[in-house]
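Q: Return atomic coordinates for the entry below.
(one chain, ligands or ions: 1)
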Amino acid sequence: MYIAYSNDNEIRANGEYGGVVTTIMKHLLEEKIVDAVLCVKEGHDIYDAVPFLVTRPSDISLTSGSMHCGTLNMAKFIYKYLNGCRDMKIAVSCKPCDAMTINELIKKGKIIKDNIILIGVNCGGTLPPVKTMKMIEEIYELNPKDVVKEEISKGKLIIKTKDGEKAIAIDELEEKGWGRRENCRRCSLKIPYNADLGLGNWGVTGELAGKATFVEVFTDKGQKILDEVNDLIEIRKAESEEIKIRQKINEIMLSNSTEKKEKDYEGSTGDIIDVFHKYEDEFSKCMKCYGCREACPICFCEECCLESEGPEWIPGGYTPAPPLFHLTRMVHMVDSCTNCGQCSEVCPCEIPLSKIWSTVNNKIRKTYGYVPGFAGENRIPLTQYDTKTKKL
Ligand SMILES: Cc1cc2nc3c(=O)[nH]c(=O)nc-3n(C[C@H](O)[C@H](O)[C@H](O)COP(=O)(O)OP(=O)(O)OC[C@H]3O[C@@H](n4cnc5c(N)ncnc54)[C@H](O)[C@@H]3O)c2cc1C
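A: The predicted structure follows:
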């Protein structure tokens, strides 16, 4: 575990917490260790995060900084548009849910592990863009267009304009229905133990707070990369007090997630089919737009069986889709569901899909001890794994 910041003044100034991710990405491109890096850049405004495939080192500066309204998941982009890295080597900046989904696709042979480097960033949660703009207007009483930056620090969501900043406790916002996406509140992986490196600000204190990032190495690949950029960054080992602070914050975040999960899974005491029955009324809202399937990074078949419209199966033109439609989709992806929330995000009928699949997936985890989102040499965080029972 280390504390680091970039030696390049411009990268340091534009980076979220010292620009180490940007420095690493630039180095990987310049040295031709990868053919491209997949990051995120600002589209129309700060609420619009766009995946950006960078092949020229000079373009990397466009990707610095953290986009908290960046609700996108990088995995689908990689297997759908980059042929699962079959023909190119890439590095990708990834939140824990991006890394989870990428690892699931690696296990299913859809992304080639040797051709991808996962540069992970901690994530306390992302914000739904449209709702966040509304929240800024109604609760912060600011014009969303005036906002230059949003930041989550010490349990508060800080909204910054050129004239100053306003901070409100996230708990307070979430009690009133604002704040982070609901799947993020449930998420139990805040530090990307499933990536090659994990970078975040938790644990950086004193005069470096806000100017440097904590870097944790999770794989040999990650260590090799960090060694290579040694001359490009200012780096020192983290002190035990800093490590403790980082762990403490992570524990608080995870305990909040556990509370949320318990609430969400409440009443789902039976088997998987019982969960399904519990939400039948919700499924009856479905207008069969296929949005959930298109958005799901784990739904990857090219000729999808959900598309066949035999009369007893899914009669064309009729809504709602019969329960078997959802049951089929569930069987198709739920073992690998990473609670990334893409399905809920796009559902025009507001079916709480992510919550439903996460409930089912939780049963699979508990029954079989299967941990979606980890692959090969990555560490499973001890906070999630009972070493006695060998189950989550
Ligand atoms: C949505 C989000 C939430 C975060 N929450 C926390 C937190 O609660 N606690 C914590 O310790 N750290 C958090 N981080 C990590 C932190 O903000 C920094 O990214 C990290 O410290 C690295 O700093 P840096 O200056 O080296 O990054 P930079 O050099 O600025 O590089 C940041 C990289 O992240 C990429 N990126 C930006 N937005 C996204 C996105 N939405 N999805 C995927 N990649 C993205 C950029 O394209 C860039 O490659 C979060 C990051 C993100 C993206």
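
Q: Model confidence score at the closest residue to Glu280 other than its chain neighbours, please.
A: Of all residues not flanking Glu280 in the chain, Pro323 sits nearest, at 6.4 Å (CB to CB, 6 or more residues apart in numbering). Every C-beta, even on glycine, is put in place using the N, C-alpha and C of the backbone. Here the pLDDT value assigned to Pro323 is 79.

Q: Assess the claim that Pro323 and Asp281 are in contact.
A: No - using CB atoms under 8 Å, Pro323 is not in contact with Asp281, being 11.0 Å away.

Q: So those two - more neighbours on which side?
A: Taking neighbours as other CB atoms under 10 Å, Pro323 and Asp281 compare with Pro323 leading, 15 against 9.

Q: which ones are touching the more buried one?
A: Phe276, Glu280, Phe283 (CB atoms under 8 Å, 6 or more residues apart in numbering).

Q: hmm, which of the residues you listed are the buried ones?
A: Among the contacts of Pro323, those classed as buried by 16 or more other CB atoms under 10 Å are Phe276, Phe283.

Q: would you turn the contacts of Pro323 into TSV with distance to the ligand and secondary structure?
A: Output for the contacts of Pro323, formatted as TSV (distance: CB to the nearest ligand atom, whole Å; DSSP: H, G, I helix; E, B strand; the rest coil):
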residue	distance to the ligand	secondary structure
Phe276	32	helix
Glu280	34	helix
Phe283	30	helix
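
Q: With pLDDT as new columns, can the contacts of Pro323 be given to me in JSON lines?
A: JSON lines is the format used below for the contacts of Pro323 (pLDDT from 0 to 100):
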{"residue": "Phe276", "pLDDT": "85"}
{"residue": "Glu280", "pLDDT": "88"}
{"residue": "Phe283", "pLDDT": "91"}
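
Q: Reformat the contacts of Pro323 as JSON lines; add distance to Lys166.
A: Output for the contacts of Pro323, formatted as JSON lines (distance: CB to CB, whole Å):
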{"residue": "Phe276", "distance to Lys166": "43"}
{"residue": "Glu280", "distance to Lys166": "43"}
{"residue": "Phe283", "distance to Lys166": "40"}
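
Q: Between the contacts of Pro323, which sits nearest Tyr368?
A: Checking these against Tyr368 with CB to CB, the nearest one is Phe276 at 18.3 Å.

Q: confidence score at the closest residue to the closest one other than its chain neighbours?
A: Nearest non-adjacent residue to Phe276, counting by CB to CB, 6+ apart: Leu327, 6.4 Å away. Leu327 carries a pLDDT value of 86.

Q: What parts of the stretch 251-392 of the chain come near the ligand?
A: For the stretch 251-392 of the chain, no residue is in contact with the ligand (CB under 6 Å from any ligand atom).

Q: does whichever residue of the stretch 251-392 of the chain sits closest to the ligand sit in a helix or strand, and which one?
A: At 7.5 Å from the ligand, Met253 is the closest residue in the stretch 251-392 of the chain, using CB to the nearest ligand atom. Assigned by DSSP states H and E, Met253 belongs to helix 240-265.

Q: Which elements pack onto that helix?
A: helix 182-186, helix 353-368 (3 or more CB pairs under 8 Å, 6 or more residues apart in numbering; DSSP states H and E).

Q: contacting residues around the longest one?
A: Residues outside helix 353-368 that contact it (CB under 8 Å, 6+ apart): 182-183, 186, 261, 264-265, 268, 271-272, 275-276, 279, 282, 292, 330, 333-335, 337, 339-344, 347, 370-372, 391-392.

Q: sorry, back to before: could you check how many residues crowd around the residue of the stretch 251-392 of the chain closest to the ligand?
A: 20.
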